[in-house]
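[1] This is a predicted model, with the sequence first.
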Amino acid sequence: MFNLFRKKAPQARPSTGGRLVYAVGDVHGRLDLLGPLLRDIAEDALASQPAERPLLVMLGDYVDRGPDSKGVVDLLLQMRTYARLETRTLKGNHEEALLRFLDDPMFGATWLDNGGGPTLASYGVQPPASRTDPEAWATASRAFSEALSDQHRAFYEGLELMVTQGDYAFVHAGVRPGVAIEAQAERDLLWIRQEFLEAAGPFGKVIVHGHTPSEEAQLTRHRLGVDTGAYATGVLTAVRLEGEDQRLMQSRARRPHAA
């Protein structure tokens, strides 16, 4: 009698389903890095001549810490009108903080502790001198609200939580292990760290995310982390996905921005 063993099929690589996709990590006000990276992405998309319009996914955290949050949003609004790319913009925890400050002025002190000061400055708003003066924070919140154009307000309020394409799901922070992709909570999508990063996976789809900075992008079997701490390192990273191919694209400053 012979024992018959079925040969195990090779592990299939994740695929975009043939679509060319770019995902850009946390920008944090670094317009000087975002501009060159988006130019490289546009040139690459044009040279690739894909059959379907390529997809650009921005993974959130456009504001705070870096010097030109307003300029970053201006550029992303322009990208939405660029016919050769479909641009989708995700919400990050720093956009959540910005919106909370509009509704709750006393949250401003906490926001400033996490990099909100440069965002206010980019819109021409001076933070209060006192962290505990309700009237001063209310005045600052009103001034910030008035400084936001209708386009910018709609941008912040209309940010998405997740984009999916083929075997990939694009989110800001990560997903809660053991919870179906379609059942993920907003707080986890914006804030989760260790529970996600330390999980072995799989997660239903390969998760492409930012939120947790690292010196090098992390391209693993079940997740692709592309936050390389641009505001401090001067390195903004994107991952280029096409079919089963995964490649990095980066924009580098001559010198890091002083955080």
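    Sure, I can see it. Numbering: from 1, shown residues only.

[2] Give me the distance between stretch 88-107 and the centre of its chain.
    Offset of stretch 88-107 from its chain centre (Cα atoms, centre = their mean, to the nearest Å): 14 Å.

[3] Buried ones in that stretch, by neighbour count?
    88-99, 101-102, 105, 107 (16 or more other Cβ atoms under 10 Å). In short, each C-beta sits where N, CA and C put it, glycine included.

[4] Which members of those residues are positioned in strands?
    Residues of the buried residues of stretch 88-107 located in strands (DSSP state E): 88-89.

[5] Show the low-confidence segments of this structure, by residue range.
    For the chain, the stretches flagged by pLDDT under 70 are 1-11, 255-259.

[6] Just want the most central residue of this protein.
    In the chain, the residue lying closest to the centroid (Cα atoms, centre = their mean) is residue 59, at 2.0 Å.

[7] Was I right to think residue 176 contacts residue 195?
    Yes - using Cβ atoms under 8 Å, residue 176 is in contact with residue 195, at 6.8 Å.

[8] What segments of the stretch 101-250 of the chain are helices?
    Counting by DSSP state H, counting those that start in this stretch, the stretch 101-250 of the chain has these helices, from start to end: 108-113, 116-122, 134-147, 150-157, 186-191, 194-197, 230-233.

[9] what's in contact with the second one?
    This points to helix 116-122. With contacts defined as Cβ atoms under 8 Å, 6 or more residues apart in numbering, helix 116-122 is touched by 29, 63-71, 97-98, 101, 108, 126-127, 140, 144.

[10] and the two most separated of the buried residues of stretch 88-107?
    For those, the farthest-apart pair by Cβ to Cβ is 88 and 105; their separation is 30.8 Å.

[11] Report the distance from the biggest helix by length in the chain to the chain centre.
    Ranked by residue count and defined by DSSP state H, the top helix of the chain is helix 31-48. Distance of helix 31-48 from its chain centroid, counting by Cα atoms, centre = their mean, is 16 Å.

[12] elements contacting that helix?
    Applying 3 or more Cβ pairs under 8 Å, 6 or more residues apart in numbering; DSSP states H and E, one finds that helix 31-48 contacts strand 20-24, helix 69-79, strand 235-242, strand 245-252.

[13] okay, those in CSV with distance to residue 154 and mean neighbour count next?
    Formatted as CSV, those follow (distance: least, Cβ to Cβ, whole Å; neighbours: other Cβ atoms under 10 Å):
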stretch, distance to residue 154, mean neighbour count
strand 20-24, 21, 25
helix 69-79, 9, 20
strand 235-242, 25, 24
strand 245-252, 27, 16
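
[14] right, so of these, which gets closest to residue 51?
    The closest of these to residue 51 is strand 20-24. By Cβ to Cβ, the value is 9.3 Å.

[15] Let me see the residues that make contact with the closest one.
    34, 37-38, 41, 44-45, 48, 50, 52, 54-59, 85, 165, 168, 170, 208, 224, 226, 236-242, 249.

[16] Tally up the residues packed near the residue nearest to residue 213 when sequence neighbours are not counted, please.
    Nearest non-adjacent residue to residue 213, counting by Cβ to Cβ, 6 or more residues apart in numbering: residue 229, 3.5 Å away. Here the count is done by other Cβ atoms under 10 Å, and residue 229 has 20 residues near it.

[17] relative to strand 20-24, how tilted is the longest helix of the chain?
    170 degrees (axes from the mean of the first three to the mean of the last three Cα atoms, to 10 degrees).

[18] which of the residues in helix 31-48 are buried?
    Using 16+ other Cβ under 10 Å as the test for burial, helix 31-48 gives 31-34, 37-38, 40-42, 44-45.

[19] No further queries at this time; thank you.
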